[in-house]
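1. Here's my sequence, what's the structure:
(one chain, ligands or ions: 1)
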Amino acid sequence: MLLLICSILLTICIIKWMYRDKTLYAFADQIPGPKAFPIIGSSHKILKKSEEDRFKIVQDMLAKYETNEMTRFWLGPVLFIFINEPKLIQQVLNSNDCLEKSFNYKFLRLDKGLLAAKRETWVDHRKFLEDSFRLDVIKSFISIFVDSSNQLVASLSQTKEQDETKIDIFKLVSRSSLTMVLATSFGINASEVHFDDEILKAVEELIKIISLRCHEPVLYFEPIYRMTRNYYREKKYRKRTTYYLDQVLKERRELISPNNNLTTASSVATMRTDITKDEEMGITVQEIPNISLNSHSFIDHMVMQSGAFNDEEIHDHIYTFVAAGYETVALQTFFTLLLLAIHTDMQERVHCEVVNVGDINCESLDKLNYLDRVIKESMRLLPSVPIVGRETREEVVIGDKKIPKGITLLIHLFNLHRRKDIWGDDAHEFNPDRFLPENVAQRHSHSFLPFSEGLRDCIGKVYAMYAIKTMLVTILRKFKVSTDLKFGELSYKADITLKICQNTKIKIEKR
Ligand code: HEM
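-> Numbers count the residues shown, from 1 in each chain. Have a look, this model is predicted:
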């Protein structure tokens, strides 16, 4: 009976959706794309396929239509428009009418956070939050990046003694990057951040569940999604991750609230908060020590802007920074290590550059030109965010097309970064010299968009580059990495972020 009611409800919703606007169909008919059937659209092409196959099918479809400026894809009754051309991508990313995120960002359940926020909230908050990512603020984070990278290298050295051959560097890099983002969010030292690997697992599972939801149009309807097992799994994993953050956030917020009488760094430093281990959650936060009121941490910046953010907004922004910052940085560092493990000649060149860095700070990291090109090339071939989405708020003219209001626009960065007409016949090969200034000057500015561009680009891009460079310098001056994998053998899936399907354990040796 329940099933029957659901089916009727679903059919009504689909029909209402389909006939909501005739201009939608008139517009869709102008855009080339794979054959679509009523109600199911082209979803038969990807439903019941493995995540790896789905990624490949979409990639092949885009390659087939990429010489067209746009490609349409009907996932069930939902229309997606891929914007293919750099000049059109530029128009979309700079348009005031394309500032809204596509509907599936709602699945993150961080509506007030910067990544998913509605335009009205976003405009004011982005202005305030830019302050938290100023260069002088990021400079003050470098010691945290260094401490956390040193912890990573210490773990690598220990792991090697136990396992001479291949280790899961990604897990270690993930721990390091989560430490960085937690320490810089809450104003604590890297050495005082403690969490269990259960947290990493919970985040990984959450990302998978949200990504699966994005591929199943039926699950876009919240009441139907709530009847699935994944909804309950999502709740479980969300509880696990929020438990940790909620505790630290509450303590920190109380401590630095403007109503709190504590006004000097030293008096704050005497307030030490103990949060004991919770076995079920797998978390230990031993202490939150030596907090100073002039700390540059993200939460301090928000609390200090009295009145600018309410509790819910601070919560969602902090969660967004952790969610948007930790896995992307970990993946990109890991991808770069993997590419250097495959291309050992280029690794030697990086080693020659990093071995003499001395103290790590913004100035010394800025001098590493070859490493910078290597990271950019890794972002080109393996962008940790492979697809970004927007929604038109009003009818908008892009190229020679009038795109109606409410259309979901997608930019497939992975595909854009491998187009032969932009990157040449060797587009699938690793060649950091593509990022020599004279080569960059020959390409359209919107051919390479690992951090997106325009008004809603990545607010953490400078932070990310320094964090990645610090980890890479610290690892590569001490270790040599290698692997039997060949780049051409890799296959991929998009769990919101890009994942490699093969087992990617890397061999490390001390230098
Ligand atoms: C290699 C690392 C990173 C990559 C590749 C990356 C990539 C991106 C991309 C492509 C976007 C645009 C998303 C969209 O339009 O849907 C974005 C937005 C964002 N990123 Fe990053 N990111 C990285 C690191 C970080 C870090 C470290 C932080 C914070 C600590 C961060 C915070 C954000 C936020 C808050 C947004 C939303 C900005 C807005 O809408 O105004 N990201 N990032």
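2. So, low pLDDT: which residues of the chain?
-> 1-21, 160-166, 256-295, 306 (pLDDT under 70).
3. what about the strands in it?
-> Secondary structure of the chain (DSSP state E): strands located at 70-75, 78-83, 100-101, 166-167, 275-278, 283-285, 387-391, 396-398, 401-403, 408-412, 479-482, 492-495, 497-500, 506-510.
4. Select, out of the ones you listed, the one closest to the ligand.
-> strand 387-391 (3.9 Å; CB to the nearest ligand atom). Where C-beta positions appear, they are placed from N, C-alpha and C, glycine not excepted.
5. Can you give me the first-to-last residue distance of stretch 412-431?
-> Taking CA to CA, to the nearest Å, stretch 412-431 runs 21 Å from one end to the other.
6. again with stretch 481-498
-> End-to-end for stretch 481-498, by CA to CA: 22 Å.
7. Same question for stretch 494-511.
-> End residues of stretch 494-511 are separated by 35 Å (CA to CA).
8. Would you check the distance separating it from the middle of the chain?
-> For stretch 494-511, the separation from the chain centroid amounts to 16 Å (computed by CA atoms, centre = their mean, to the nearest Å).
9. Show me which residues of that stretch are buried.
-> Of the residues in stretch 494-511, A494, D495, I496, T497, L498, K499, I500, T504, K505, I506, K507, I508 count as buried by neighbour count, 16 or more other CB atoms under 10 Å.
10. and what of stretch 188-201?
-> For stretch 188-201, by 16+ other CB under 10 Å, it's I188, N189, A190, E192, V193, F195, D196, E198, I199, L200.
11. In contact with the last one: list those residues for me.
-> Read that as L200. K171, S174, R175, L178 (CB atoms under 8 Å, 6 or more residues apart in numbering).
12. who are the neighbours in contact with R109?
-> Taking CB under 8 Å, 6+ apart, one finds R238 in contact with R109.
13. An error on my part: the question was meant for S157.
-> K478, K510.
14. Next one: it relative to T241, how far apart?
-> 29 Å (CB to CB, to the nearest Å).
15. Does G76 touch S42 like I think?
-> No. Using CB atoms under 8 Å, G76 makes no contact with S42, being 9.0 Å away.
16. Pull the contacting residues for the residue of the stretch 151-300 of the chain found nearest the ligand.
-> Closest residue of the stretch 151-300 of the chain to the ligand, CB to the nearest ligand atom: V181 (5.6 Å). Shown in contact with V181 (CB under 8 Å, 6+ apart): F321, V322, G325, Y326, V329.
17. near the ligand too, which of the residues you listed?
-> F321, G325, V329 (CB under 6 Å from any ligand atom).
18. distance of G113 from M302?
-> Where M302 is concerned, G113 sits at a distance of 12 Å (CB to CB).
19. Overlap in contacts, those two.
-> In contact with both G113 and M302: H317, using CB under 8 Å, 6+ apart.
20. Up against the ligand, what does this protein have?
-> 114-115, 126, 181, 320-321, 324-325, 328-329, 332, 384-385, 388, 450-452, 456, 458-460, 463-464.
21. Restrict those to the buried ones and give me that as a PyMOL selection.
-> Those of these that count as buried under 16+ other CB under 10 Å are selected in PyMOL with:
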select buried, resi 114+115+181+320+321+324+325+328+329+332+384+385+388+450+451+452+456+458+459+460+463+464
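22. Narrow the residues of the chain next to the ligand to those in helices?
-> Counting by DSSP state H, these place R126, V181, T320, F321, A324, G325, T328, V329, Q332, Y463, A464 in helices.
23. May I ask which two of those residues are separated the most?
-> R126 and Q332 (22.8 Å; CB to CB).
24. ok so, going back, and the contacts of V181 as TSV, adding distance to E216?
-> As requested, the contacts of V181 are arranged in TSV below (distance: CB to CB, whole Å):
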residue	distance to E216
F321	29
V322	26
G325	28
Y326	26
V329	29
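25. Helices along the stretch 151-300 of the chain, start to end?
-> 169-186, 197-215, 222-225, 229-256, 265-270, 298-304 (DSSP state H, counting those that start in this stretch).
26. highest average neighbour count across those helices?
-> helix 169-186 (a mean of 25; mean count of other CB atoms under 10 Å).
27. how far out from the middle of the chain is that helix?
-> 14 Å.
28. and the residue of the chain nearest the ligand?
-> G460 (2.3 Å).
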